[in-house]
Structure formats: C-alpha cells, structure tokens
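In: what follows is a predicted protein model with its sequence.
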Amino acid sequence: MKVLYIDPIFGVSGDMMTSALIDAGLPFEELENTLRKLPVRLPSIIPVQKAQGIIKGTHLDIGESDRHLTVREMEDAIDGMNAEDAVKRDARGMLEIILNGEAKVHGTTRDEVHLHELSHIDTLIDLVSVAKGVHYFGIDRIFCGPVPFGRGTIRTSHGIMPNPPPVTVEILRDCNVFFVDEPLELTTPTGASIVRYYAKGKEAAPPFDIERIGYGMGSYTTDKPDALRIFIGESSEHESDEEVWLIEADLDDMEMEYAGAVTERIRKEGALDALYFPVYMKKGRLGIRLSVTAPADKVQRLVESVFRETTTFGMRLIKEHRRVLKREELSIETSFGPLRVKKGFDAGGRLIKTHIEFEDVKKISEERDLPYRTVLDAIKAEIAKK
C-alpha cells in the first residue's frame, strides 16, 4: 500500500502541508489547474524555494486577499468545482471537522458557525490543495507523528486567546501532542483538521520503503527550522490492516435486562463492535462476557465506559489487528427515494459485496406500511439492474 507519513517538525498548517506535497513531486501546474476550477476569484499562488539552516524546501507564497467566504459559499465552491470526487470528498471532510470543532467550542451548531479567520479564502485553497495532493500520489494510508503546540497567547479576531486556540485543541482531542516553549501558533486549525481527517488516531506507521521526501517551509524565523516534512513510500502490509484492542469483562452480578442496553451505549461511544454472550464462571455460576472491539484512539474512553456502565472491577485488554475490505459509502437513487449503500472491494479493487443500510429500509417500510422483506427485495432488484 502507498503510505504518507507526516513528520511535524515545527507544527502543521494547510499551506505547509501543500508546500511539502509540491516539494515531494506534486506538479504545481496540475495543482493550479485544479484550483482554477473553484468558482471563486483566487489570489496569486507561487511556490518558491526557501532554506532555513541546512533544510531546504518549498514555501507556498499566497498573495494578499480580503476575500472571506461563508460556510455555505465554501461548501458550494467545493461541490461545484469540476474535480475528482475523491478531492471534493476529502476537502469537504476536512471542512466538516473544522465546523464541528468550532461548533463544539462556541456551543452552537455547525450550521450557525462563523469562521472568522478560517473564512479567509486561504482555508479553501489549503483544503482543496491537500486533497488534490493526496489523490495525485494515490495514497492509501496516512500516519502522523506527535503534533507540537506552542505556549502562551496569540492575537486573533476574537481577541487574545490561549495558544493553541481552543478549536485546534478540540480537533486534536485524543491525538498525540506535545508542547514546545515557543510563543507561536505552531499548529493551525486547518493543519489539525488534516491530521484528524487523514491520520485519524494514534496508530503507528508500518515499515515502508521511502520513495519521496518533501519539506514544506513556514514563515516563522526562530532557532528551529519552521518546516513540515513528509515521507511517501510503499509498505508491504495490507492497506486494510489496522490495530484494534479487544476489551473483555466477565460479569455475573449485573442484571441481564441491562446487558443489551449497555452494549448499545458502548457502541455509540465509538466501539467498532460490542457483543455479549453467556459463559460459565467459578462455582458453576452463569454469567456473561462483554467483548468490545475498540479503535486504538478510543481505548481509554471505552475502558472508562465499561467501568461506568457495568459492575466489573477489572477487564482484559488485548492488542490485535483486524483486516477489513476497502469500503465506499454512497447514496443512490431508487424508486423509493435516496438510499445509503456500502460497497466492499478486495485488494485488487474489485467490488465483491454491497450492503444496503437497514435503517433506510426500515424507514421506507414504515412510511409505506410494507413488509421489510418486500422493500429489501425490490431495492436489491433495482440495484442489480444498475
């Protein structure tokens, strides 16, 4: 699988990530052609070579602009551009992370968020550029080292704020971070959204052969290099392998009628799966074993949930790996209306199974007062003809 490793030497920002992708070999002309498809007027964008000490890399020089965009304008610009679906999907995904982070910090909904600095057109350029670069190199998995935060305070349109800004902290909740004694905004909200969207959690990168290296240079001048480094290479590991943890607890003193409700609540906390089944415990007592499959970045949260929701005083934690099909989730039009489906592909990219979202079938069945099986069979027949 094709791997991209982000090495945040002195922080992460959208323009530094774009610069690193260009430095690693993303043709600027191809990136520029994609950006020109945005239905907005863009400032000048010029990649220049820059050196800090012995490190040389690319710095993206973006011209001055007073253009600010509303959330709807950003969404419409991304959706309306004539670009690859993967580029638009990833750009929207990173924007969604920013919106949800801002909404959480300000105690509002993502539709009522006002982006302030993040509404500047530079944010739109960064999101689309990074998505284009990842797509250009055909990256399967992205990993990231610990992300640095500065200290002190910074000045924003909100006024004086703690460094890093609350939205950056919210976006990188559950990620590996560390603090550097620098009064600078080393990691920006856009940079944080890149890490959260692509790298997702704390999973370590597998061994891989380095094929390309890129340095994205920032604009700070300190005794440390203001640079973001990326590595692109090939790993022999299967792209759908991922580290998971198995959390197990044996219970013989919990009311059985609560087991199903507890399991469902744990699923909602972020478990990949949660189930329970009968076991015989000491002295022949009948109990249940709760088994939770947890992604690496949610283990602590789920352990706390199991302690909180059950009667157990202890549990087993087992590190495992799971292999899953490469998936694609999309909405299709049917005679019943839009319907969500999940497609599974093998290692060669061949479609081998399609799963129809049960909740959509259930909703249609209840609205039309039809048996579930009648609706499901009709939808399967329609899909087979597409």
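Out: Arrived safely. None of these values were measured; they are calculated from a predicted model.

In: can you show me the helices along the chain?
Out: Remark: helices assigned in the chain by DSSP state H are 14-23, 28-35, 71-80, 85-106, 121-136, 166-171, 189-194, 259-268, 299-309, 358-368, 372-385.

In: would you mark the buried spots in the fourth one?
Out: The neighbour-count check on helix 85-106 (16 or more other Cβ atoms under 10 Å) flags 87-88, 90-92, 94-95, 97-105 as buried. Any C-beta I mention is one placed from the backbone N, CA and C, and that applies to glycine too.

In: which helices and strands does it pack with?
Out: Here helix 85-106 touches helix 71-80, helix 121-136, helix 166-171, helix 189-194, going by 3 or more Cβ pairs under 8 Å, 6 or more residues apart in numbering; DSSP states H and E.

In: so which of those is nearest Tyr220?
Out: Tyr220 lies closest to helix 189-194 among these, at 13.4 Å (Cβ to Cβ).

In: what's the closest one in contact with?
Out: 6, 8, 11-14, 16-17, 94-95, 97-98, 101, 118, 123, 126-127, 130, 147, 165, 167-168, 171-172 (Cβ atoms under 8 Å, 6 or more residues apart in numbering).

In: tell me where the stretch 201-350 of the chain has strands.
Out: 209-217, 227-234, 241-251, 273-280, 286-295, 316-323, 326-334, 337-345 (DSSP state E, counting those that start in this stretch).

In: gap between the helix or strand bottoming out on mean pLDDT in the chain and the chain center?
Out: Every helix and strand in the chain was compared by mean pLDDT, DSSP states H and E; the lowest is strand 153-156, with a mean of 80. Relative to its parent chain, strand 153-156 has a centroid offset of 27 Å by Cα atoms, centre = their mean, to the nearest Å.

In: strands paired with it, and their directions?
Out: strand 159-162 (antiparallel) (DSSP bridges).

In: list the contacts for Arg285?
Out: Neighbouring residues of Arg285 by Cβ under 8 Å, 6+ apart: Asp252.

In: how close does it sit to Asp252?
Out: 5 Å (Cβ to Cβ, to the nearest Å).

In: identify the residues contacting stretch 335-345?
Out: Counting by Cβ under 8 Å, 6+ apart, 325-333, 351-357, 360-361, 364, 368, 375, 378-379, 382-383 sit against stretch 335-345.

In: what about Glu73, neighbour count?
Out: Applying other Cβ atoms under 10 Å, we find 16 other residues in the vicinity of Glu73.

In: point out where the stretch 151-300 of the chain drops to low pLDDT.
Out: Within the stretch 151-300 of the chain, the stretches with pLDDT under 70 are 157-158, 201, 238-241.

In: quickly list the domain ranges of the chain.
Out: 2-234, 241-323, 326-385 (automatic domain parsing).

In: ok, and which of these has the densest surroundings?
Out: Each of the domains of the chain was scored by mean neighbour count; the highest is domain 2-234, a mean of 18, by mean count of other Cβ atoms under 10 Å.

In: wait, which of the helices and strands packed on helix 85-106 is closest to Val262?
Out: The nearest among these, by Cβ to Cβ, is helix 166-171 at 27.9 Å.

In: may I have the closest one exported as PDB, CA atoms only?
Out: Extracted C-alpha coordinates of helix 166-171, given in PDB (Å, rounded to 0.1, in the frame of the first residue of the first chain):
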ATOM      1  CA  PRO A 166      -9.400  26.100  21.600                       C
ATOM      2  CA  VAL A 167     -10.700  24.800  18.200                       C
ATOM      3  CA  THR A 168      -7.200  23.300  17.400                       C
ATOM      4  CA  VAL A 169      -7.300  21.500  20.800                       C
ATOM      5  CA  GLU A 170     -10.800  20.300  20.200                       C
ATOM      6  CA  ILE A 171     -10.000  18.900  16.700                       C
END
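
In: who does it touch, helix- and strand-wise?
Out: Looks like helix 166-171 contacts helix 85-106, helix 189-194 (3+ Cβ pairs under 8 Å, 6+ apart).
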